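Asker: Predicted model, plus sequence, below.
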Amino acid sequence: MKIAAPLNRFHEIEGLIKAGADELYCGLIDRTQWQAYASSACLNRRENLFSNLNSQKELKQAARITGENGIPLILALNEFYNQDQLISALRQVEEALSCGVDTFLVSDLGLISALRGKFKGIKLYLSSCATVFNSQAIKLYAGLGVTRIVLHRHLSIKEIASLKSLIPGGLAIEAFVLNEKCFNLDGFCSFQHGNTGNKGGLNFSQIPFLIWAARKYVGFFPKNILQFINNYLVSKSHPCCYTFRERGSSAGKITFNTADHFLYACGLCNIYDFYKLGVSHIKIAGRSILTDQIKNIRLVKEITGLLDGQIQREDFVKIARNIAGSAKKCRPLHCFYSAG
């Protein structure tokens, strides 16, 4: 199995590759465009400037470095678009192609159809935001030229096994193993995360120096400090963690997610299941999290190294949990696939 890892801090790219990433995925928000339009300029479900590469120059340099190391670079364009946004998305595809990027993570049917008709030789991977839950949907997207599908976090291992048995030959499957678990279904969620705009997410106006330093030198910050910053920012500004009260209800407040399990979900034990099922790629999420992705890649790499065809699941889980140690909290709410 290959490890797909996020790239949102350009200076880390060589470290991510050396740590064992088999491919990198990223978003692109041009800094000047973001200043002019704030979150409405986002085409990839991560509206923060600091969750993305910030210029064509960075994207081109990233493509050059990954190409020299034989590592694919994937550009995320995994939102759903109106007509104006679709034009912007197509423009970003053209810019990416000129930078040497030919692989895209997509979810919008209009974009998929347009790309299929306009460009030859590009690769399309289907984002979990497309919410594929059955074999008919898989066949539909495969017919539209998609060559890999990122399965949704809400599927159980049994459901993934059932889908895998029905997937057309040649179609690759990718599954999450770390970070960002939400009770909402991505493709059905009506929250407009962009409403937080310049005031949401990683915001210099809240704790400017600490956030800048943590993002730049994330590998040197103690885990508890990074977790404190993440929990503070997410719980304060992220729509997925807002608290609601139903009008006229005495039931009290309702919170969809807590910052803790939203940020630090884990499916490391299920790497064994994915291996047995023939899942080709395992995904580390976290473009919008202050976390040491180099350490995350090394962790996943070490655990995948246990797979040799002879180890039993019980032994694999025990050793994997020992390797992860205190890095991951082993609780049902933090587990992607605790339902089986």
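Answerer: Now that the structure is in, tell me what you want to look at.

Asker: Report all helices and strands that the host helix or strand of Tyr125 contacts.
Answerer: Per DSSP states H and E, Tyr125 falls inside strand 123-126. Strand 123-126 sits against strand 103-106, helix 109-118, strand 146-150, with contacts defined as 3 or more CB pairs under 8 Å, 6 or more residues apart in numbering; DSSP states H and E. Heads up, the C-betas are built off the backbone N, CA and C, glycines and all.

Asker: Comparing these, which comes out most buried?
Answerer: With neighbours taken as mean count of other CB atoms under 10 Å, those reach their highest mean count in strand 103-106, at a mean of 23.

Asker: Please identify the pairing partners of that one and their relative orientation?
Answerer: strand 73-77 (parallel), strand 123-126 (parallel) (DSSP bridges).

Asker: circling back: dump the helices and strands packed on strand 123-126 to a markdown table, plus mean pLDDT and distance to Leu306.
Answerer: As requested, the helices and strands packed on strand 123-126 are arranged in a markdown table below (pLDDT from 0 to 100; distance: least, CB to CB, whole Å):
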| stretch | mean pLDDT | distance to Leu306 |
| --- | --- | --- |
| strand 103-106 | 98 | 28 |
| helix 109-118 | 93 | 37 |
| strand 146-150 | 95 | 24 |
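
Asker: Is it possible to get TSV of these that adds distance to Leu233?
Answerer: Formatted as TSV, the helices and strands packed on strand 123-126 follow (distance: least, CB to CB, whole Å):
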stretch	distance to Leu233
strand 103-106	24
helix 109-118	30
strand 146-150	25
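
Asker: among the ones you listed, which is nearest Gly325?
Answerer: Taking CB to CB, strand 146-150 is the member of the helices and strands packed on strand 123-126 nearest to Gly325, at 27.8 Å.

Asker: Output the contacting helices and strands for that closest one.
Answerer: Packing partners of strand 146-150 (3+ CB pairs under 8 Å, 6+ apart): strand 123-126, strand 172-178.

Asker: so where's the stretch 101-250 of the chain shaky on pLDDT?
Answerer: Applying pLDDT under 70 to the stretch 101-250 of the chain flags residues 190-212, 235-239, 242-250.

Asker: Point out the most buried one among the helices and strands packed on strand 146-150.
Answerer: Using mean count of other CB under 10 Å, strand 172-178 ranks as the most buried of the helices and strands packed on strand 146-150, with a mean of 24.

Asker: mind checking the longest helix of the chain?
Answerer: Once the chain is assigned using DSSP state H, the helix that runs over the most residues is helix 83-99.

Asker: Report the contact partners of the spatially most central residue of the chain.
Answerer: By CA atoms, centre = their mean, the chain has its centre lying nearest to Ala285, at 3.7 Å. Neighbouring residues of Ala285 by CB atoms under 8 Å, 6 or more residues apart in numbering: Pro6, Phe176, Leu178, Asn179, Glu180.

Asker: give me phi/psi at Leu43?
Answerer: Main-chain torsions, Leu43, degrees, to the nearest 10: phi -120, psi 10.

Asker: these two touch, right, it and Asn82?
Answerer: No - the criterion here is CB atoms under 8 Å, and Leu43 misses it with Asn82 at 11.6 Å.

Asker: Which secondary structure elements does the host helix or strand of Val300 sit against?
Answerer: For Val300, the host element (DSSP H and E) is helix 293-304. Judged by 3+ CB pairs under 8 Å, 6+ apart, helix 293-304 is in contact with strand 2-6, helix 13-19, strand 172-178, helix 271-277, strand 281-284, helix 313-324.

Asker: Not counting its own residues, what contacts that helix?
Answerer: 1, 3, 5-6, 12, 15-16, 19-21, 177-179, 219, 268, 271, 275, 282, 284, 286, 320, 323-324, 327.

Asker: buried subset of the residues you listed?
Answerer: Among the contacts of helix 293-304, those classed as buried by 16 or more other CB atoms under 10 Å are 1, 3, 5-6, 12, 16, 19-21, 177-179, 268, 271, 275, 282, 284, 286, 320, 323-324.

Asker: helix/strand/coil for Ser165?
Answerer: Of the three states, Ser165 takes helix under DSSP: H, G, I helix; E, B strand; the rest coil.

Asker: gap between it and Ala21?
Answerer: Separation of Ser165 from Ala21 (CB to CB, to the nearest Å): 29 Å.

Asker: again with Val234
Answerer: To Ala21, Val234 is 25 Å away according to CB to CB.

Asker: ditto for Ile284
Answerer: Distance from Ile284 to Ala21, by CB to CB: 8 Å.

Asker: Next, show the common contact partners of those two.
Answerer: In contact with both Ile284 and Ala21: Ile3, Ala4, Ala5, Ile297, using CB under 8 Å, 6+ apart.

Asker: Dump those residues to CSV, plus distance to Leu75.
Answerer: CSV is the format used below for those (distance: CB to CB, whole Å):
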residue, distance to Leu75
Ile3, 18
Ala4, 13
Ala5, 14
Ile297, 20
